[in-house]
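Engineer: This is a predicted model, with the sequence first.
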Amino acid sequence: MSLRNALELEGIESSLINLMSFPFVRARVEEGSLELHGAWFAIHHGELHWRNKLTRRFEVVPMLCYDASMPSSKITLKPPAAPPVPALGKKSLSSPQLAPEAPTTALHL
């Protein structure tokens with residue numbers, strides 16, 4: 001791993017530590033209503049690295065691939081379906097269809 005990549009991962013780790021310094025974040029994490037996760041995308045390699053909470057190491061997330069030659073009966077994993085993209089048309093941003101979603105309870109860095 002290059003020094004640059006190591007520094008990027010350390011930046012994510014530092015951000016997670018910094019977030020825990022806020023009392024309202026720490027309280028939510030400790031009560032279980034908020035989870036903090038770290039992730040890093042290696043664009044050059046096309047890899048997503050996810051921080052393992054137990055080891056505190058970043059691990060490559062396996063990619064799901066589809067082999068057209070494989071019989072469909074043997075395919076057990078499917079990538080999640082993409083959510084529908086609303087048509088913008090002439091609707092304003094204040095339209096209920098385009099309103100922001102409710103906040104999630106997980107923070108990914």
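Structural biologist: Cool, got the structure. Remember, predicted model here, so these are calculated numbers, not experimental data.

Engineer: C-alpha from now on. contacts and neighbour counts both.
Structural biologist: Noted.

Engineer: What are the boundaries of the helices in this structure?
Structural biologist: Ranges of helices within the chain are 3-19, 23-31, based on DSSP state H.

Engineer: Run a quick neighbour tally on residue 27.
Structural biologist: Neighbourhood size, residue 27 [other C-alpha atoms under 10 Å]: 13.

Engineer: what's the spacing between it and residue 46?
Structural biologist: Note on residue 27: its distance to residue 46, by C-alpha to C-alpha, to the nearest Å, is 36 Å.

Engineer: nearest spatial neighbour of residue 51, skipping sequence neighbours?
Structural biologist: residue 58 (4.2 Å; C-alpha to C-alpha, 6 or more residues apart in numbering).

Engineer: I should have written residue 40 there, sorry.
Structural biologist: Residue 40's closest residue in space is residue 49 (C-alpha to C-alpha, 6+ apart), at 5.1 Å.
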